[in-house]
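Colleague: Got a predicted structure here, sequence first:
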Amino acid sequence: MKTESLIEMLARGAGAAPKAVVERRVWPLAALGLVVSAFAGVVVLGVVPISVLAQGAWWLKFGYAVALVAAGGWLTVRLARPVQSLGAPQVLLLAALAAMGALGLWQWAAATPGQRLADLLGHSWSTCPRNVVLLSFPPMAAAFWALRGLAPTRPRLAGAAAGLLAGALGAAAYSLSCDELAMSFVAVWYTLGIAAATALGALLGPRLLRW
C-alpha cells in the first residue's frame, strides 16, 4: 500500500479532533490544587471571621489573586502548545499587577504618615510570602503534572507560567486565612509570594518539562 493511501485511509477513520484538550487537562487539575491548598490553609492557619469576608477590601484582595490565576492559567495553556503568542495573557498579567500597584500606592499615600508603615507591614509581613509559596505547592505539582503530558517547547517559560498560576492559587487559598486588608500590604507581600512561586516554577521548568 502506498503511503498516501495509508494516510488517507487513517484520516477517514480518525474522527473529529477533540476540542480544548489542554484546557480540560490544566484547569481541573488547577482547581484540585486550589481545593487542597485551601483545605490545608484553613486547617493549619484557620479561617478569617465572616466580618472580614464581608468587607470590600477582602474581595479586592481575593479578586487580585483571581485575576492572576486567570493570567497564569492562560499563559500555562498557551505555553503548553508549540509556538503560541503570549500577547493577550501578558496584557492581563500586567494590567492586574499595575491595578493593584496603583491601588496600593494610592491607599498608602492617602493614609496618615503614622499609619503608612503599619498598613504596609500589617502584623504578618514576615510570614505572608512564605505562606503563599507553601500553599502554592499542591497546585504547582498539579500544573507540572498537566504540562508533562502536553507539548511545551519553552520549558522555562512554561514552568514560570505554572508557577504564576500556582502562586496565584496559593494566594487565593491564603486569603481565606489572612485578615490583612490594606492594599499596600497586598500589593507588596502577596505579590512577592506569587513572584517567588513564579521564580520557583521557572527554575523547575527546564528540569521537569524536558522532552
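Modeller: Happy to help now that I have it. Numbering: from 1, shown residues only.

Colleague: Enumerate every residue touching the residue nearest the centre of the chain.
Modeller: Nearest to the mean C-alpha position of the chain, by CA atoms, centre = their mean, lies Leu165 at 2.2 Å. If you count contacts by CB atoms under 8 Å, 6 or more residues apart in numbering, Leu165 has them with Ala30, Val69, Gly72, Gly73, Leu75, Thr76, Pro139, Ala143. The way it works is simple: take the backbone N, C-alpha and C, and place the C-beta from them, glycine included.

Colleague: Neighbours of the last one, how many?
Modeller: Applying other CB atoms under 10 Å, we find 29 other residues in the vicinity of Ala143.

Colleague: and the helix or strand hosting it, what does it pack onto?
Modeller: Using DSSP states H and E, Ala143 maps to helix 128-148. On a contact count with 3 or more CB pairs under 8 Å, 6 or more residues apart in numbering; DSSP states H and E, helix 128-148 meets helix 21-45, helix 56-79, helix 155-175, helix 191-208.

Colleague: who's in contact with the longest one?
Modeller: By CB under 8 Å, 6+ apart, the surrounding residues in contact with helix 21-45 are 69, 73, 76-77, 80-81, 131, 135-143, 145-147, 149-150, 165-166, 169-170, 172-174, 176-178.

Colleague: Now which of those would you call buried?
Modeller: 69, 73, 76-77, 80, 131, 135-140, 142-143, 146-147, 150, 165-166, 169-170, 172-174, 176-178 (16 or more other CB atoms under 10 Å).

Colleague: Tell me the pLDDT of the residue nearest to Ala71 when sequence neighbours are not counted.
Modeller: Using CB to CB, 6 or more residues apart in numbering and skipping the chain neighbours, the partner closest in space to Ala71 is Leu93 (3.9 Å). As predicted, Leu93 sits at a pLDDT of 97.

Colleague: From here on, call the first residue 36.
Modeller: All right, first residue 36 from here; so that's Leu128.

Colleague: just to revisit the earlier point, indicate which one of the helices and strands packed on helix 163-183 is closest to Asp154.
Modeller: helix 91-114 (11.0 Å; CB to CB).

Colleague: For the helix or strand following the closest one, which outside residues touch it?
Modeller: Using DSSP H and E, the next helix or strand after helix 91-114 towards the C-terminus is helix 122-145. For helix 122-145, the surrounding residues in contact (CB under 8 Å, 6+ apart) are 95, 99, 102-103, 105-107, 109-110, 113, 151, 154-155, 199, 217-223, 226.
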